[in-house]
Every structure is written in structure tokens, then in C-alpha cells.
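Q: Starting from these lines, generate the structure:
(one chain, ligands or ions: 1)
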Amino acid sequence: MNSKSFVWHPYTQMRDWADFDIITKGKGMWLIDSKGNKLLDGVASMWCNVWGHSKRELVNTMIKQAKRLQHSSLFNLTNDQAELLAEKLVNFSPGMEKVFYSDSGSTAMEISAKIALQYWQNIGIKNKTTFVSLQNGYHGDTVGAMSLGYVPLFFSKFKKLLFPVIRVPVPDKYRMQKQFTFAQYQEFCLEKIERVFAKSNDIAAFVMESGAQIAGGVIIYPQNFQKKVSQLCRKHGVLLILDEIATGFGRLGSFIEYQSQSSVPDIVCYGKMLTGGYLPLATTLATQKIYESFLGPYEDMKQFFHGHTFTGNPLACATAITNLDLYKRNHLISKIQKKTKQFEKRIEEIMDLTLVGDVRHKGMLMAIELVSNKDKKTPISSDKKIHQKIFVEAKKHKIYLRTLGHIVMIVPPLAISKRELDFLLDGTIETIKKVTKDLN
Ligand code: PLP
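A: Numbers count the residues shown, from 1 in each chain. Next comes the predicted model:
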């Protein structure tokens with residue numbers, strides 16, 4: 001461990017890291033360290049970078065806005081950038097009418113749960129207090145977010161802090177029980193959800209990531225699954241909260257993922273790529289029906305008791321506005337839809353690698369699951385420290401890769417060029433080959 005550093009890193013066994021490369025610059029798709037080494041950013045700086053680093057338009061907006069107004073509060077006041085961005089987001093998001101700002105995906109999800117819980121109280125239905133979510137879902141690291149999206153490996157130590165949530169199975173094709181066909185398994189999952197909804201009249205909301213689960217192991221929902229969940233929510237009077245923090249804004253190939261899934265949320269959360277990955281900003285959007293339930297005489301105390309210091313920060317909002325304009329001007333989503341084929345072409349080659357049990361891909365996201373036994377689907381044991389081996393080897397190929405346990409993730413900035421994406425895919429394949437050799 002580098003005794004000179006005062007920084008405590010996230011999700012990191014600090015004893016295992018003698019030191020960390022110090023990133024001092026970012027240019028396009030590349031991160032540059034203090035020694036001048038370049039690394040292609042294969043994780044989009046935690047799944048949020050859209051245009052690469054130092055994008056002129058975003059930097060110019062930040063400078064311009066920083067000179068004009070850096071921060072002003074949404075308590076009793078508003079600011080032009082927060083107003084403009086909210087209008088844009090509502091226009092993009094079918095069914096949504098109001099935007100509540102926060103500064104991370106986790107806070108956006110906390111807010112969604114609080115809004116849902118209070119909504120039922122506002123309309124006089126006091127018993128609807130239970131949340132239902134999908135197994136393996138992930139919604140962030142704060143206490144409420146951990147309750148909603150419980151990943152046992154990450155959160156078992158914090159169980160005492162969490163509120164109870166009913167969890168239902170997710171249609172995981174790779175790891176479903178053998179007695180099912182995939183179509184049967186999807187039906188089984190939907191039936192479970194319906195049974196939970198039918199059994200109790202106390203369910204406030206169903207919470208799920210939109211389009212796919214990412215941090216819980218990259219499980220891409222089959223066609224119509226989310227649509228059917230959405231229909232079940234309507235049928236049983238359960239609010240649907242969708243988490244598009246990692247999957248929206250083009251990561252899975254669509255701008256608004258819930259739209260492409262033909263689903264109808266009551267509340268939806270955005271984050272990560274909202275500012276192009278340049279500043280912390282997240283939003284929780286709600287329908288008019290939900291918003292209106294919070295209106296009433298002051299003495300009824302129906303207002304939403306939630307707010308952060310940086311709620312609606314104008315610098316972040318201005319950056320998000322420029323980012324969204326760039327999506328449109330550059331036709332980013334249609335470019336992504338073409339680029340996704342570059343991933344598809346490599347799947348067979350990756351599947352043939354000795355350790356690869358499964359490859360899952362959608363849009364600008366690929367997960368490569370490493371197993372020690374392909375038939376038994378046994379994940380590579382964590383004591384092999386595969387995450388660290390992959391990271392170290394990938395650097396030799398000039399790429400920055402991060403795994404989710406035994407799953408190698410390829411999550412590049414969305415605007416990555418064809419050449420750079422090939423470089424990233426080639427480097428990842430070579431990395432896996434070399435790590436495999438070293439393990440044997
Ligand atoms: N929801 C999902 C689906 C996520 O993937 C993440 C982060 O990876 C979060 C919520 C939490 O976001 P943040 O890390 O900004 O708190």
C-alpha cells in the first residue's frame with residue numbers, strides 16, 4: 001500500500017494495491033497518467049462517459065457557466081439551467097411531467113422510493129408500504145438503494161440497516177434452472193410477480209433496472225419482459241419505478257430505454273451519462289398524477305421533504321443541456337445502433353476462449369463471464385483475484401478494463417470510434433487469453 005496516499009478507494013482491498021496509476025489528463029477516449037502512459041477508457045469512467053474526455057463543447061459550457069453562476073439553491077429559488085434541463089427531460093420522457101434533481105444515481109433511487117411511499121399516503125392509502133424488486137437488481141450504495149437492489153456479495157454486511165423488500169426472480173437465461181426452457185422460465189418469473197401482487201394489497205412499488213441489470217451480473221431482459229411487468233403493475237395498482245441510470249441515454253442502444261421496452265413507468269431515474277459523464281447529476285422524474293398528490297393546503301404537510309445542497313446545480317444542468325444537444329446534433333443514437341454490430345461480430349470468437357462461459361451484449365455494453373468449468377458454469381473463484389489480473393494485463397494492452405467479480409465488462413464511451421472499439425475488443429481478447437495461460 002502506498003503509505004503516502006490519503007485516499008481510500010471504492011470496492012477495493014487496499015492491502016492488495018501497492019499504488020494506483022495517477023490519471024492527470026483525459027483526451028478523447030484516452031486517459032493519460034502522470035508518467036505519460038495512455039489507457040483507452042474501456043469502462044467509460046464507471047459507465048458514464050459519452051464523448052470521451054475533454055470534449056470541447058462540454059468544457060466550453062462548463063467554463064461559460066462557471067463564470068456566470070456556479071451554484072444557487074432550488075430552496076425558494078430556481079435557476080435558468082435547472083428549468084431548461086427539466087423541460088428537455090420531460091419532453092424526451094413519455095408520460096413524465098416533473099423532475100426532481102439530485103447528484104448521484106443512489107440519491108435518485110432513494111428519492112424514487114420516498115416519492116412512491118408518500119404518494120400512497122397523500123391519496124389516503126396508508127397500507128401500501130412494501131417494495132418489490134428483482135433478484136440481482138442494483139440501485140446504488142446508500143441505505144435505501146441497497147435495500148431496493150440487494151446484491152448479497154456487496155451488501156450482506158449491511159443487512160441490519162436495510163428495509164425489507166420482496167424479491168422475485170429475474171429471467172436469467174444463463175443461470176436459470178435446467179428444467180425450464182427460456183420461454184417457460186420467463187413465464188415462471190412473471191407468474192411469481194403476479195402472485196406477489198395478487199396476494200397482498202400493501203405493495204407501493206415495483207423497482208427494476210430498465211432494459212437490463214448491470215452491476216448484478218449483466219442480465220439482459222428478453223423481449224417483452226419489462227412490458228409485461230409494466231402491464232402487471234397497472235393491473236394490480238402498483239407503481240413502477242424504473243432505474244435507467246446505467247442503461248438509458250444510449251448504453252443499450254436506445255435513448256429512452258423504457259420507451260424501447262414499451263413499458264410505462266410512474267417514476268424513472270436518470271444519472272451517469274446525463275452530463276456526458278462530466279459532473280455529478282441525477283434526476284427522478286414523475287408523472288403528473290404523482291406530482292399532484294403532493295399538492296394541498298400547507299398545513300396538510302404534503303410537500304416532499306427531500307433536498308440536497310446541490311439539488312439543481314446550474315453548472316451540472318448546463319453541462320447536461322449541452323450534452324443532450326450533442327446527442328441530437330451528432331445523431332449519436334443511430335450511430336450507436338450501427339456500432340453495436342462491431343460487438344456482435346466478435347461474440348463467437350470470444351465464446352471460443354477457454355475460460356468464457358457466456359457473452360452477453362446489447363448496445364454499447366458487453367459482459368464476458370469467466371468460468372472454471374463451462375458445463376457446470378462455475379464462476380472463477382474469487383481467490384484467483386481475476387479482477388486484478390485482468391486489470392493489470394489489460395494495461396499492458398493499453399486499455400482500462402474493470403471486472404464485476406468474474407465478469408469482464410466492456411463499457412466504452414458511447415462515441416468511441418470504430419478503430420478504437422476494435423482496439424478495445426482486440427485488447428480484451430488478448431488480455432483474457434494471457435490471463436487464462438497464467439492461471440493454468
Ligand atoms: N442504479 C444503477 C442501475 C447503477 O448501475 C448505479 C451505479 O452503477 C446506480 C444506480 C448508482 O449510481 P451512483 O453510483 O451514481 O450512486
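Q: Quick check: Val371 is in a strand.
A: Yes: checked against DSSP: H, G, I helix; E, B strand; the rest coil, Val371 lies within a strand.
Q: Report the beta-bridge partners for it.
A: When bridges are called by DSSP bridges, Val371 pairs up with Pro379.
Q: Please look at it and His406 and confirm they touch.
A: Yes: with contact defined as Cβ atoms under 8 Å, Val371 counts as touching His406 (7.2 Å). C-betas here are computed from N, CA, C, even on glycine.
Q: So which of these two has more stuff around it?
A: Neighbour tally, Val371 and His406, criterion other Cβ atoms under 10 Å: the higher count belongs to His406, 22 against 18.
Q: contacting residues around that one?
A: Shown in contact with His406 (Cβ atoms under 8 Å, 6 or more residues apart in numbering): Glu369, Leu370, Val371, Pro379, Ile380, Ser382, Ile386.
Q: so how far is the ligand from it?
A: Separation of His406 from the ligand (Cβ to the nearest ligand atom, to the nearest Å): 18 Å.
Q: Pull up the residues of the stretch 201-350 of the chain that are close to the ligand.
A: When proximity is defined as Cβ under 6 Å from any ligand atom, the stretch 201-350 of the chain approaches the ligand at Glu209, Ile214, Ala215, Asp243, Ile245, Ala246, Gly271.
Q: can I assume the fifth one is in contact with Gly105?
A: Read that as Ile245. Yes: using Cβ under 8 Å, Ile245 makes contact with Gly105 at a distance of 3.8 Å.
Q: If you rank every helix and strand of this structure by mean pLDDT, what lands last?
A: Least confident helix or strand, the chain: helix 152-155 with a mean of 90, by mean pLDDT, DSSP states H and E.
Q: Okay, now the unreliable bits of this structure?
A: Applying pLDDT under 70 to the chain flags the ranges 1-3.
Q: What is the burial count for whatever residue of the stretch 1-150 of the chain ends up closest to the ligand?
A: The stretch 1-150 of the chain approaches the ligand most closely through Gly105 (2.2 Å), counting by Cβ to the nearest ligand atom. Around Gly105 there are 27 other residues, counting by other Cβ under 10 Å.
Q: cool, and Lys126?
A: Residues near Lys126, counting by other Cβ under 10 Å: 9.
Q: can you give me the strands for the stretch 301-440 of the chain?
A: Along the stretch 301-440 of the chain, counting by DSSP state E, counting those that start in this stretch, strands occupy 356-362, 365-373, 378-379, 399-400, 402-404, 407-410.
Q: Contacts only, for the residue of the stretch 251-400 of the chain found nearest the ligand.
A: Here the stretch 251-400 of the chain gets closest to the ligand at one residue, Gly271, 5.0 Å apart by Cβ to the nearest ligand atom. By Cβ under 8 Å, 6+ apart, the contact set of Gly271 is Cys48, Ser104, Gly105, Ala108, Ile245, Ala246, Leu281, Ala282, Thr283.
Q: Settle this for me: the second one is touching Gly140, isn't it.
A: Which is Ser104. Yes: with contact defined as Cβ under 8 Å, Ser104 reaches Gly140; the gap is 7.1 Å.
Q: The two: who's more crowded?
A: When Ser104 and Gly140 are compared for neighbours, Gly140 comes out ahead with 23 against 19, by other Cβ under 10 Å.
Q: any idea which element that one lies in?
A: Secondary structure assignment for Gly140, by DSSP states H and E: no helix or strand.
Q: List the residues that contact it.
A: Ser104, Gly105, Ser106, Thr107, Met109, Glu110, Met146, Gly149, Ile245.
Q: Shouldn't Ser262 be within a helix?
A: No: secondary structure of Ser262 (three-state DSSP): coil, not part of a helix.
Q: Surely it is in contact with Lys227?
A: Yes: using Cβ under 8 Å, Ser262 is in contact with Lys227, at 4.4 Å.
Q: before we move on, back to that, which neighbours do Val371 and His406 have in common?
A: Shared contacts of Val371 and His406, counting by Cβ under 8 Å, 6+ apart, come down to Pro379, Ile380.
Q: Are any of the contacts of Gly140 buried, and if so which?
A: For these, a burial check counting by 16 or more other Cβ atoms under 10 Å picks out Ser104, Gly105, Ser106, Thr107, Met109, Glu110, Met146, Gly149, Ile245.
Q: which residues do Ile245 and Gly105 both contact?
A: In terms of Cβ under 8 Å, 6+ apart, Ile245 and Gly105 are both contacted by the residues His139, Gly140, Cys269, Gly271, Lys272, Ala282.
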